[in-house]
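Asker: Sequence plus the predicted model coming up.
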Amino acid sequence: MTVAGSVEPELYRSGRRKRSRRRRFNLIAALVGVAVAVTVVVAPDWGLLAEKYADLDRARDLFPDIVTTATKNTLVYTTFSFIGGLLLGVSAALLRMSSLRAYRWIAAVYIEVFRGLPALLTIVLVGLITPVALQFQFPEILGVPTGGIVALSLVAGAYLAETVRAGIEAVPKGQIEAARSLGMTHTTTLWRVVMPQAIRIIVPPLTNELVLLLKDTSLLAVLGVTIATKELTQFGQDAANQGYNATPLLAAGLMYLMVTIPLTRLVAYLERRNKVMR
Amino acid sequence: MPGTVPTDIGEIMSHSYKTRTIAAALLATSLAFGTVACSKSDDDSAAKITKLADLEGKTIGVQTGTTGETYTKEHLPKGATVKSFKDTTGLFAALDSGDISAILQDLPVNAGRAAEVDNVHVVETFKTGEQYGFAVEKGSELQGELNTALKKVRDNGTYDKIYEKYFPKAGAEAGPGPAASDVEGTRTLKVCSDIPYAPMEMEGKGPRGLDYTGFDIDLLDAMAATMDAKLSIKDVGFDGILGNLASGNCDVVASSVTITPERAKEVDFTDPYFDADQSLLVKK
């Protein structure tokens, strides 16, 4: 027998069924979680794991070189490449928006080529093969071999160019219109009105680029390393290969995180502040 | 249109000569960053190197994790720097461009390079008494099996035929190598090797349809044939190569590995199969 009132319980029941289904799913998820946790705790040989991953004596031996040489080099390479990348990136972005077609083309070709190539390929191409083909050497500047820095700058510049361009184009047109109607010249409008706003927009993506670049410095080891020019990854790998112990790799990983996590937190903070200010 | 106020960023750019100049100047600066400072390599100084002691204050290239690296660090000329590379490709390129002044590594490989290209030569050899062995995991039964196989191919003349193929006597033609084996192999040995390390291991048509060849590969394959086995070869980096045994990535390491007491702590070696020395390769 059907009455009009039966519609409501129908809805009610389906809601309850949904809820009980969800409860059953939660139970299964919890069981799986417990099973995984038990396996993780019981299965491995914890003594061996501790020895291979967290050998404190080995970890102690890494100091102070892991900080004074490896981390320092990683940071120096990152800084140099980022400065080089910014120079290239800003100029490529400005050229990309130029009215002269030739300029636009040069910038477009540069951006497309180096954004599309794997960083490792660019590093080998620029740092290893180009010096052979042209019979020259990249000089050392302040003890830093510059071949890899030039390669990473080219890679970073291509990415930064698009970031910078996006930032400039994201500035509302009304701002330009307002500045122009106040009688500002083109140049003044660009550098006093557009750029300050663009920079605020691109700081978060710029920081992301910095983090990516920091990790890419690990690729520079293909160009050869000396005791003084070893960066974090190669440092960790070399130490790990003596007795095949993962402790130095984990230690190197921690050093990376100690740099990258504050950086990414900073991005998050800047993004939050940006939102509030708008 | 006269009197129109450009409000588009592209138009702003096109009207702003100052900006365009700045962009062009920035680009020029950054290009200069990469090119202007580059110095022409000093070929004259390289010509004078005839021994390790001549390398004072210069950079010597080695491969990471090799006995050549250890030897160089122990016999380092005053003020010289050791630069470690992941593979021979990087080493040879760096010597060619003048990034390093010399390469110190195993004699067969340096000699092979000198035979292949005209602009380098071996100027000094160091009698280190090193011997290569195939490496297997500690306690593996393969050690005994491989030793028996090595003895077999030494006794039946196969070893000498392979040797003459890669290292012909002075003035003699390279030998043809042993006759092709028709053993199918009922089991597979997983082999790790750092390739290229010519003439010891490299890419190319190998025995029994392998895509790799070289002295080590040909020898190990002949040995495997006597064990009714075939090879499956994986190209891995030399740095940390012995770690592949413990991880199960491979059963045998055949990569011109010198038997040293430190390495013997981590893995088991077969009987030695090759006598090698260290050598110094420089530009002519």
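Answerer: The structure has been received and is ready for your questions. Numbering: from 1, shown residues only, chains lettered A, B, ... in the order given.
Asker: As a check, name the ranges of all helices in the stretch 51-200 of chain A.
Answerer: A:56-61, A:65, A:72-96, A:101-116, A:119-124, A:130-134, A:146-169, A:173-181, A:186-188, A:195-216 (DSSP state H, counting those that start in this stretch).
Asker: With mean pLDDT and mean neighbour count as new columns, can those helices be given to me in JSON lines?
Answerer: The C-beta positions use only the backbone N, C-alpha and C, and glycine is treated the same way. Listed next are the helices of the stretch 51-200 of chain A as JSON lines, based on pLDDT from 0 to 100; neighbours: other Cβ atoms under 10 Å in any protein chain shown:
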{"stretch": "helix A:56-61", "mean pLDDT": "85", "mean neighbour count": "13"}
{"stretch": "helix A:65", "mean pLDDT": "90", "mean neighbour count": "15"}
{"stretch": "helix A:72-96", "mean pLDDT": "94", "mean neighbour count": "23"}
{"stretch": "helix A:101-116", "mean pLDDT": "94", "mean neighbour count": "15"}
{"stretch": "helix A:119-124", "mean pLDDT": "95", "mean neighbour count": "19"}
{"stretch": "helix A:130-134", "mean pLDDT": "87", "mean neighbour count": "16"}
{"stretch": "helix A:146-169", "mean pLDDT": "94", "mean neighbour count": "24"}
{"stretch": "helix A:173-181", "mean pLDDT": "91", "mean neighbour count": "15"}
{"stretch": "helix A:186-188", "mean pLDDT": "86", "mean neighbour count": "17"}
{"stretch": "helix A:195-216", "mean pLDDT": "90", "mean neighbour count": "18"}
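Asker: what about these, which gets the closest to B:A180?
Answerer: helix A:119-124 (36.7 Å; Cβ to Cβ).
Asker: For the residue in chain A positioned nearest to chain B, grab phi and psi.
Answerer: Chain A approaches chain B most closely through A:S99 (2.8 Å), counting by Cβ to the nearest Cβ. For A:S99, the backbone dihedrals (degrees, to the nearest 10) come out as phi -90, psi -20.
Asker: tell me the domain boundaries of chain B?
Answerer: B:43-130, B:134-257 (automatic domain parsing).
Asker: Lowest average pLDDT across those domains?
Answerer: The minimum mean pLDDT among those belongs to domain B:43-130 (a mean of 90).
Asker: can you give me how far that domain is from the chain middle?
Answerer: Here the centre of domain B:43-130 is set off from its chain's centre by 12 Å, with Cα atoms, centre = their mean, to the nearest Å.
Asker: Is chain A within reach of that domain?
Answerer: Yes - with Cβ under 8 Å from any Cβ of the partner chain as the criterion, chain A is reached by domain B:43-130 at B:59, B:61, B:64-65, B:81-86, B:90-91, B:93-94, B:96-100.
Asker: Could you count how many residues lie near the closest residue to A:G236 other than its chain neighbours?
Answerer: Leaving aside its chain neighbours, A:G236 sits nearest to A:A252 (3.1 Å; criterion: Cβ to Cβ, 6 or more residues apart in numbering or on different chains). Other residues within reach of A:A252, judged by other Cβ atoms under 10 Å in any protein chain shown, total 25.
Asker: what sits against the most centrally placed residue in chain A?
Answerer: With distances taken as Cα atoms, centre = their mean, the residue of chain A nearest its centroid is A:L212 (2.4 Å). By Cβ atoms under 8 Å, 6 or more residues apart in numbering or on different chains, the residues touching A:L212 are A:Y159.
Asker: Against A:V155, how distant is it?
Answerer: Distance of A:L212 to A:V155, computed by Cβ to Cβ, to the nearest Å: 9 Å.
Asker: The residue nearest to A:G236 and A:K230 touch, don't they?
Answerer: No - using Cβ atoms under 8 Å, A:A252 makes no contact with A:K230, being 10.6 Å away.
Asker: Could you name every residue contacting both of the two?
Answerer: Residues touching both A:A252 and A:K230 (Cβ under 8 Å, 6+ apart): A:A70.
Asker: all strands of the stretch 1-150 of chain B, in order?
Answerer: Ranges of strands in the stretch 1-150 of chain B, per DSSP state E, counting those that start in this stretch, are B:39-40, B:59-63, B:81-85, B:102-106, B:120-132, B:135-137.
Asker: What's the mean pLDDT across the shortest one?
Answerer: Looking back up the chat, that one is strand B:39-40. Rounded mean pLDDT across strand B:39-40 is 46.
Asker: One more: stretch B:26-35?
Answerer: pLDDT averaged over stretch B:26-35 gives 64.
Asker: Would you mind listing what in the stretch 151-278 of chain A touches chain B?
Answerer: Within the stretch 151-278 of chain A, the positions adjacent to chain B are A:153-154, A:157, A:168-169, A:171, A:173, A:176-177, A:180-181, A:185-187, A:189-191, A:194, A:221-228, A:237-238, A:240-241, A:243-244 by Cβ under 8 Å from any Cβ.
Asker: repeat that for 6 Å
Answerer: Proximity of the stretch 151-278 of chain A to chain B, by Cβ under 6 Å from any Cβ of the partner chain, involves residues A:176-177, A:180, A:186-187, A:189-190, A:222, A:224-226, A:241, A:244.
Asker: what's the farthest-apart pair in these?
Answerer: Pairwise over those, using Cβ to Cβ, the maximum falls at A:R180 and A:Y244, 66.5 Å.
Asker: Which positions in the stretch 101-250 of chain B make contact with chain A?
Answerer: So far as Cβ under 6 Å from any Cβ goes, the stretch 101-250 of chain B lies against chain A at B:239-240, B:243.
Asker: Out of those residues, who's the most crowded?
Answerer: B:D239 (22 neighbours).
Asker: Would you verify that it is located in a helix?
Answerer: No - B:D239: not assigned to a helix; according to DSSP: H, G, I helix; E, B strand; the rest coil it is coil.
Asker: Looking at the domains of chain B, which is nearest to B:K284?
Answerer: Counting by Cβ to Cβ, B:K284 lies closest to domain B:43-130 out of the domains of chain B; the figure is 5.5 Å.
Asker: Next one: the residue of chain A closest to chain B, what pLDDT does it get?
Answerer: pLDDT, A:S99: 83.
Asker: count of neighbours near the residue of the stretch 51-200 of chain B at minimum distance from chain A?
Answerer: Residue nearest to chain A within the stretch 51-200 of chain B: B:S97 (3.4 Å; Cβ to the nearest Cβ). Using other Cβ under 10 Å, B:S97 has 22 neighbouring residues.
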